[in-house]
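1. Dropping the sequence and predicted coords here.
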Amino acid sequence: MYATEAELIAAARAGHQGAFTEIVERHSGTVYNLALRLVNNPQEAEEVLQETFISAFRALDRFEGRSQLGTWLYRIAYNAALMRLRRRQVATESLDAPTTTDDGDMLPREFVDWSTLPDERLLGKEFRGVLEGALAALPDSLRSVFVLRDIEGLSTAETAETLGLTEVNVKVRLHRARLALREKLSGYFAPMVAGR
Amino acid sequence: MHCKDMLGSLSAYVDGELEAQFCAEIERHMADCGNCRAVVDTLRKTVYLYREHGHADVPEEARDRLYAVLHLDKP
Ligand SMILES: [Zn+2]
């Protein structure tokens, strides 16, 4: 219906309902997932989802088209989610608590190759909980990169723009996130490998 | 090449972003190193599992409420 993003944005600015709907349809999934993985709470993720589109649609006239609409929206969502995390930290006074660093020792410790386990073993009923638990245990700075790059499929450049990072930084964080997740999943799957 | 020397490049390797020569070095190392082979295979599988199963759809009721607060008809 809209051949280019510029047409879509122009139609929304002109007040066409269909254009707003199209923007929501295209981007609500990634906005929601980014929020959900950051705040770790479906209700708050929904609030971030609503806030994001409400404030984006209000500010649509200020969108300059230098970035893609998607990264602009995800950036709004990211900032809204971060604000909630900070508020939560202040409320629990955990700011003084030792924080997990990005650059801890990433040396692999698990060397069992569970990658060839059949899907019916990997995708058991605890599987989703294991994936989500491992992700939730990552520091926010790694989690946001991993969600956008590997789960939502944004490019390195789009992820960098959304999060205000350099592309090199995105790559480094993505790699750390993957290694940490691999380690966690290995802890769960390795014992399923025959002979252990 | 030692295990440690390739560790930092493994994501670029599984993403196919490394130069051919460096790939060949990694593959030569992996031919003799079961640990690195296991790390690469499980790293690749980890990314695959999250790609396939990590995304959560917006719950239907949340979608309803989103369209309601935006005063839009749900498609
Ligand atoms: Zn090795």
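-> Perfect, thanks for sending it.
2. Just confirm yes or no for the longest helix anywhere in chain B near chain A.
-> Scanning chain B for the longest helix, with DSSP state H as the assignment, gives helix B:34-53. Yes. Contact of helix B:34-53 with chain A (Cβ under 8 Å from any Cβ of the partner chain) involves B:34-35, B:37-39, B:41-47, B:49-51, B:53. The way it works is simple: take the backbone N, C-alpha and C, and place the C-beta from them, glycine included.
3. helix or strand right after that helix?
-> Following the chain from helix B:34-53 toward its C-terminal end, the next helix or strand by DSSP states H and E is helix B:60-69.
4. re the thing from before, now, which of the residues of helix B:34-53 next to chain A sits nearest B:V14?
-> Using Cβ to Cβ, the shortest approach to B:V14 within those belongs to B:R44, at 4.8 Å.
5. Show me which residues of chain B sit near the ion.
-> Within reach of the ion by Cβ under 5 Å from the ion, chain B has these residues: B:3, B:33, B:36.
6. sorry, back to before: for the longest helix of chain B, the distance to its chain's centre please.
-> In this view, helix B:34-53 has its centroid 8 Å away from the chain centroid, taken as Cα atoms, centre = their mean, to the nearest Å.
7. counting contacts, what elements does it pack onto?
-> With contacts defined as 3 or more Cβ pairs under 8 Å, 6 or more residues apart in numbering or on different chains; DSSP states H and E, the packing partners of helix B:34-53 are helix A:127-136, helix A:167-189, helix B:3-7, helix B:10-14, helix B:20-32.
8. hmm, the fourth one touching chain A?
-> So that's helix B:10-14. Yes. Using Cβ under 8 Å from any Cβ, we find that helix B:10-14 touches chain A at B:10-12.
9. I'd like to know which of the helices and strands packed on helix B:34-53 lies nearest to B:A68.
-> Counting by Cβ to Cβ, and looking across all of those, nearest comes helix A:127-136 at 27.8 Å.
10. mean confidence for the closest one?
-> Averaging pLDDT along helix A:127-136 yields 95.
11. report the angle between the axes of that helix and helix A:167-189?
-> Per axes from the mean of the first three to the mean of the last three Cα atoms, to 10 degrees, the angle that helix A:127-136 makes with helix A:167-189 is 140 degrees.
12. what about A:S55, how many residues close to it?
-> 15 (other Cβ atoms under 10 Å in any protein chain shown).
13. correct me, but it touches A:I76?
-> Yes. Between A:S55 and A:I76 there is a contact under Cβ atoms under 8 Å: 6.1 Å.
14. For whichever strand or helix holds A:A91, which outside residues touch it?
-> With elements delineated by DSSP H and E, A:A91 resides in helix A:69-92, which encompasses its position. If you take Cβ atoms under 8 Å, 6 or more residues apart in numbering or on different chains as the criterion, helix A:69-92 is touched by A:5, A:8-9, A:23, A:26-27, A:30-31, A:34-35, A:38-39, A:44-45, A:48-49, A:51-53, A:55-56, A:63, A:67, A:95, A:140, A:144, A:148, A:154, A:158, A:161-164.
15. is the helix or strand following that helix anywhere near chain B?
-> The first helix or strand that comes after helix A:69-92 along the chain, using DSSP H and E, is helix A:119-122. Yes. Looking at helix A:119-122 against chain B by Cβ under 8 Å from any Cβ, the contacts come from A:L122.
16. picking that back up, now the residues of chain B next to the ion as CSV including neighbour count and pLDDT?
-> Formatted as CSV, these follow (neighbours: other Cβ atoms under 10 Å in any protein chain shown; pLDDT from 0 to 100):
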residue, neighbour count, pLDDT
B:C3, 14, 94
B:C33, 18, 97
B:C36, 21, 97
